[in-house]
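Colleague: Here is my input; please provide its structure:
(one chain, ligands or ions: 1)
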Amino acid sequence: MLVNGKWAEKWQPVQQSDADGRFIRQHSGFRDRIGPDSAKGFAVEAGRYQLYVAYICPWASRTLIALHLKGLENAIDVCAVDPRLGDQGWAFTGRDDSDLDPVNGASYMHEIYTLADPTHTGRATVPVLWDKKTRTIVNNESSDIVRIFDKDFGALATGDVDLCPPELQKEIDAVNERLYMSFNNGVYRAGFAGTQKAYEEAVADVFASLDWMEGRLARADWLVGDRLTETDIRAFVTLVRFELAYYSLFKCNLRPLSAYPAVRAYLVRLLAIPAFAASVRPDHIKAGYYSIKALNPTGIVPVGPELDYLEALGAARGDRPARSAA
Ligand SMILES: N[C@@H](CCC(=O)N[C@@H](CS)C(=O)NCC(=O)O)C(=O)O
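Modeller: Sure, this is the predicted structure:
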């Protein structure tokens, strides 16, 4: 991580924990908006902003899905890091169809943070929304960036969807909060737990969330109201990683996803929406999670699992089959 603008040596991608071994996620530091609600006057302009993402990362994937659903692909550039978190954090290598940084020419994500604030202290996380004009970070919190794309870009956003309609906002915020604690971050609390107790608490939360979603989706198409909202984006990014990484690497293995037929059908339905499909790179997800040395010291990436819903995704994009012919 960065300490006063310097990359701390001997840094390991291990997360913070409390006295009982419970995983603690860092708070995001850059929280401005774009347009009339911007404190620093970031204006709505096509081509001015770049979104830094990692395809492995569920928080970054939320913002990618929102960008595509809102039809902002031509207004905002996207730059994807190498999926493997190395000794210097996220890197721009161009490997595995990741990107080199065309705007700042950075080698590592932490350079983007020190360009914005030469004395920055904190982890160099993705997503980051970067302003090319003033060369700084607008925002590095995915829940804000989703709302920036949904609300701030006005006529530049051509997608015909309101991800947080005012009449549903209260319920969306309440369900988002619950899902975040117990599901989106719940899987991380399980994976990075430092004690048996912290792990068991987290796994119970994860499966209680799946139980709740199964009940809801057995009688409704969407998690809140009668339409697609940002809550569905939040559920999706964790669901699509569940069998690829969380079930095995994070030990969230109480039940397979097939024990939740309504949830699984919902996942397949969302994958058929191009904005959702465009955010999913199974190769990056597996390479990224299994490169976390603290959890997988050998770095060996499992061959499986074979997942029919992801093969359909690859075929739709014209990818080669997941299993090589070697
Ligand atoms: N609050 C942030 C969390 C982002 C986050 O934790 N991203 C992870 C990747 S999934 C990251 O970049 N981790 C690098 C690190 O912790 O050093 C958000 O939702 O935007």
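
Colleague: So which bits of this protein are right by the ligand?
Modeller: Contacts of the chain with the ligand, taken as Cβ under 6 Å from any ligand atom, map to Arg25, Ser28, Cys57, Trp59, Gly89, Arg123, Thr125, Val126, Pro127, Glu141, Ser142. Yep, even glycine has a C-beta here, placed from its N, CA and C like the rest.

Colleague: Excluding chain neighbours, what is closest to the last one?
Modeller: If you skip the residues right next to it in sequence, Ser142 has Trp59 as its closest partner in space, 3.9 Å away by Cβ to Cβ, 6 or more residues apart in numbering.

Colleague: count of neighbours near that neighbour?
Modeller: Neighbour count of Trp59, defined by other Cβ atoms under 10 Å: 23.

Colleague: Was I right to think it contacts Pro127?
Modeller: Yes: counting by Cβ atoms under 8 Å, Trp59 does reach Pro127; the two are 6.3 Å apart.

Colleague: list residues touching both of the two?
Modeller: With contacts taken as Cβ atoms under 8 Å, 6 or more residues apart in numbering, the residues that reach both Trp59 and Pro127 are Ser142.

Colleague: re earlier: can I get the residues of the chain next to the ligand in a markdown table with secondary structure?
Modeller: Formatted as a markdown table, the residues of the chain next to the ligand follow (DSSP: H, G, I helix; E, B strand; the rest coil):
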| residue | secondary structure |
| --- | --- |
| Arg25 | coil |
| Ser28 | coil |
| Cys57 | coil |
| Trp59 | helix |
| Gly89 | strand |
| Arg123 | coil |
| Thr125 | coil |
| Val126 | coil |
| Pro127 | coil |
| Glu141 | coil |
| Ser142 | helix |
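
Colleague: Quick one: residues contacting the residue in the stretch 201-326 of the chain that the ligand sits nearest to.
Modeller: Closest residue of the stretch 201-326 of the chain to the ligand, Cβ to the nearest ligand atom: Gly288 (8.3 Å). Taking Cβ under 8 Å, 6+ apart as the criterion, Gly288 is in contact with Ala54, Tyr55, Ile56, Cys57, Pro83, Arg84, Leu85.

Colleague: what's the closest non-adjacent residue to the third one?
Modeller: Okay, so that is Ile56. Counting by Cβ to Cβ, 6+ apart, Gly288 is the residue found nearest to Ile56 once chain neighbours are left out, at 2.8 Å.
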